[in-house]
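Q: Curious how this folds, go ahead:
(one chain, ligands or ions: 1)
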Amino acid sequence: MSFSYQNQILFAESVAVTDLVAAYGSPLYIYSRLEIEQNYQKFDSAFGKHPHLICYAVKANSNLAVLNTLANLGSGFDIVSEGELQRVLAAGGKAENCVFSGVAKTAQAIKFALEKNVRCLNVESAAELDRIEAVARSSGISAPISIRVNPNVDAKTHPYISTGLQENKFGVEIEAAIALYQRAQDSKFLQVQGLDCHIGSQITEVSPFLDALDKLLILLEKLKAKGIQITHLDLGGGIGIQYENEQTIEIKAYVDSVLSKVGELEIILEPGRAIVGNAGIFVTKVEFLKQNSKHSFAIVDGAMNDFLRPSFYNAYHQILPVNQASSGIQANWDIVGPVCETSDFLAKNRNLNLAQGDFLALMAAGAYGKSHRMHQNIKIIPMFFEC
Ligand code: LLP
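A: Residues are numbered from 1 along each chain as shown. Model (predicted):
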């Protein structure tokens with residue numbers, strides 16, 4: 001564990017969190033490089049010599065130091081915008097190891113990705129295939145593509161992060177994919193490379209992944225019969241982590257069951273959360289304690305805009321005191337932020353002993369916390385600042 005107590009003080013690897021807040025202030029995100037490296041290695045080593053590429057999903061956390069840590073390990077990246085590709089390149093990653101996902105790729109982003117020579121564009125609709133072909137033609141560069149299919153399997157996760165059902169906006173139906181592949185095969189400006197799916201996030205059972213894989217393999221055979229050759233299978237990300245007491249997937253067992261079905265085919269995975277989720281914590285300071293006849297509120301300096309998951313998904317994150325020796329009032333506290341929204345909470349009903357000025361650590365905050373999808377086109381206009 002990269003976050004543990006020594007003499008009742010929470011440490012991040014060998015550094016006291018109290019020292020970090022003293023140096024950098026709060027609220028503060030802290031990441032463990034070691035944890036990120038170990039999480040990546042679990043995926044990479046599970047494949048042994050089987051051809052594979054781990055494409056870390058940048059949307060999970062696009063912090064440049066995080067990307068650089070992964071680039072140094074030889075990781076590939078799953079990007080969804082020009083801005084994300086620019087961050088990968090700035091952090092030392094290679095475009096040739098990037099797959100480009102996302103339902104709304106702009107012509108500008110497609111052009112940039114083709115010029116930088118990305119590994120593959122994962123196509124999400126017929127209209128997008130048209131756009132990619134048009135940009136490829138005008139750039140004089142043939143575009144490497146996969147079709148992202150929607151296998152219509154239930155990932156058994158929160159409905160907001162389930163992506164592989166017909167009612168979700170992602171991918172194209174398996175039956176419709178064949179015609180798109182045929183179109184791509186017939187175009188001088190498109191090169192068919194892979195077959196792709198991503199069924200959702202925070203998935204805690206292997207069976208939905210294998211159900212999706214079975215459907216993809218049937219499609220692969222149909223494509224082969226039509227003379228359409230697929231050289232890699234991209235199974236997306238989605239592997240869940242432990243926030244409370246969920247069971248989690250053993251990565252080696254998952255990869256073994258995939259490899260038992262796919263022959264020699266190269267496999268791409270796009271894990272995000274499973275690489276950075278438990279490698280980050282969010283530290284926040286108790287500004288005030290406030291109790292009424294029914295509720296106890298710890299008002300902290302970190303808010304929903306710093307860490308959205310609790311208010312958006314009602315997500316549970318463990319809250320730990322940074323200094324276990326601090327003593328104050330024992331109660332069931334709601335940990336709430338300064339924003340004028342009742343939904344501005346980080347945790348509810350946590351039995352903690354708190355005093356004003358204490359620091360609290362919200363655990364497993366490394367994924368989908370601070371950094372989200374990076375657009376290239378966000379400009380800071382004088383007088384309008386993000387804070
Ligand atoms: N590939 C694609 C195409 C994706 O859309 C995603 C995540 C991933 C890979 C990485 O999935 P992961 O391995 O991290 O599960 N904000 C939500 C999660 C949204 C996930 C979006 N797509 C949350 O906080 O739970």
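
Q: need the contact list for Leu217.
A: 261-262 (Cβ atoms under 8 Å, 6 or more residues apart in numbering). Heads up, the C-betas are built off the backbone N, CA and C, glycines and all.

Q: Let's verify it: helix, strand, or coil?
A: Following DSSP: H, G, I helix; E, B strand; the rest coil, the label given to Leu217 is helix.

Q: Next one: it from Ala134, what distance?
A: 32 Å (Cβ to Cβ, to the nearest Å).

Q: And for Tyr24?
A: Distance of Tyr24 to Ala134, given as Cβ to Cβ: 47 Å.

Q: can I assume Asn351 is in contact with Ala331?
A: Yes: under the criterion of Cβ atoms under 8 Å, Asn351 makes contact with Ala331 at 7.5 Å.

Q: More neighbours: which of the two?
A: Legend: neighbour count by other Cβ atoms under 10 Å for Asn351 and Ala331, higher for Ala331 (18 against 8).

Q: Does anything pack onto the helix or strand where the more buried one lies? Which helices or strands?
A: In this assignment (DSSP states H and E), Ala331 forms part of strand 329-336. Based on contacts counted as 3 or more Cβ pairs under 8 Å, 6 or more residues apart in numbering; DSSP states H and E, the elements that strand 329-336 packs against are strand 280-291, strand 296-300, strand 345-354.

Q: do you know which of the ones you listed lies nearest the ligand?
A: Put simply, out of the helices and strands packed on strand 329-336 the one that sits nearest the ligand is strand 280-291, at 12.3 Å, with distance taken as Cβ to the nearest ligand atom.

Q: if we can go back for a sec, go through the helices and strands packed on strand 329-336 and pick out the most buried.
A: Ranked by average neighbour count under the criterion mean count of other Cβ atoms under 10 Å, those are headed by strand 296-300 at a mean of 22.

Q: What lies in contact with whichever helix or strand comes after it?
A: From strand 296-300 onward toward the C-terminus, using DSSP H and E, the following helix or strand is helix 309-313. Under the contact criterion Cβ under 8 Å, 6+ apart, helix 309-313 has outside partners 158, 160-161, 304, 315-317, 341, 343-347, 368-369.

Q: Kindly recompute the last result at 10 Å.
A: Helix 309-313 has contacts (Cβ atoms under 10 Å, 6 or more residues apart in numbering) with 158-161, 202, 243, 282, 303-305, 315-317, 335-337, 339, 341-348, 362, 364-365, 367-369.

Q: elements contacting the helix or strand following it?
A: Following helix 309-313 in sequence order, the next helix or strand is strand 319-321 (DSSP H and E). Here strand 319-321 is seen to pack against strand 3-6, strand 9-12, strand 280-291, strand 345-354, strand 359-362 when contacts are counted using 3 or more Cβ pairs under 10 Å, 6 or more residues apart in numbering; DSSP states H and E.

Q: And those: which comes nearest Glu128?
A: When those are compared for distance to Glu128 using Cβ to Cβ, the nearest one is strand 280-291, at 32.5 Å.

Q: Quickly run through the sheet partners of that closest one, with directions.
A: Sheet pairing for strand 280-291, assigned by DSSP bridges, gives strand 28-31 (antiparallel), strand 296-300 (antiparallel), strand 359-362 (antiparallel).

Q: from the middle of its chain, how far away would it be?
A: Centre-to-centre, strand 280-291 and its host chain are 26 Å apart (Cα atoms, centre = their mean, to the nearest Å).

Q: the helices in the stretch 151-300 of the chain, which residues?
A: Taking DSSP state H, counting those that start in this stretch to define them, one finds helices in the stretch 151-300 of the chain at 174-186, 207-225, 251-262, 273-276.

Q: got these as JSON lines, with mean pLDDT and distance to Ala109 columns?
A: Rendered in JSON lines, the data for the helices of the stretch 151-300 of the chain read as follows (pLDDT from 0 to 100; distance: least, Cβ to Cβ, whole Å):
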{"stretch": "helix 174-186", "mean pLDDT": "96", "distance to Ala109": "19"}
{"stretch": "helix 207-225", "mean pLDDT": "97", "distance to Ala109": "26"}
{"stretch": "helix 251-262", "mean pLDDT": "98", "distance to Ala109": "30"}
{"stretch": "helix 273-276", "mean pLDDT": "98", "distance to Ala109": "23"}
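
Q: Deepest in the core, which of those helices is it.
A: Ranked by mean neighbours (mean count of other Cβ under 10 Å), the helices of the stretch 151-300 of the chain are led by helix 273-276, with a mean of 28.

Q: looking just at contacts, which helices and strands does it meet?
A: For helix 273-276, where contacts count as 3+ Cβ pairs under 10 Å, 6+ apart, the packed elements are helix 33-46, strand 52-57, helix 64-72.

Q: near the ligand, which residues of the stretch 151-300 of the chain?
A: 161, 198, 201-202, 236-239, 270-274 (Cβ under 6 Å from any ligand atom).

Q: Next one: the spatially closest residue to Asn150 that is not a sequence neighbour, what pLDDT does it get?
A: Distances taken as Cβ to Cβ, 6 or more residues apart in numbering place Gly171 nearest to Asn150, at 3.4 Å, with adjacent residues excluded. Here, the pLDDT recorded for Gly171 equals 86.

Q: I'd assumed Cys197 was in contact with Gly171.
A: Yes: counting by Cβ atoms under 10 Å, Gly171 does reach Cys197; the two are 6.5 Å apart.

Q: Common neighbours of these two, please.
A: Contact criterion Cβ under 10 Å, 6+ apart; residues bridging Gly171 and Cys197 by contacting each: 122, 147-151, 163-164, 236.

Q: Now for those: which two are most distant?
A: Using Cβ to Cβ, those reach their maximum pairwise distance at Ile147 and Thr163, which is 15.0 Å.
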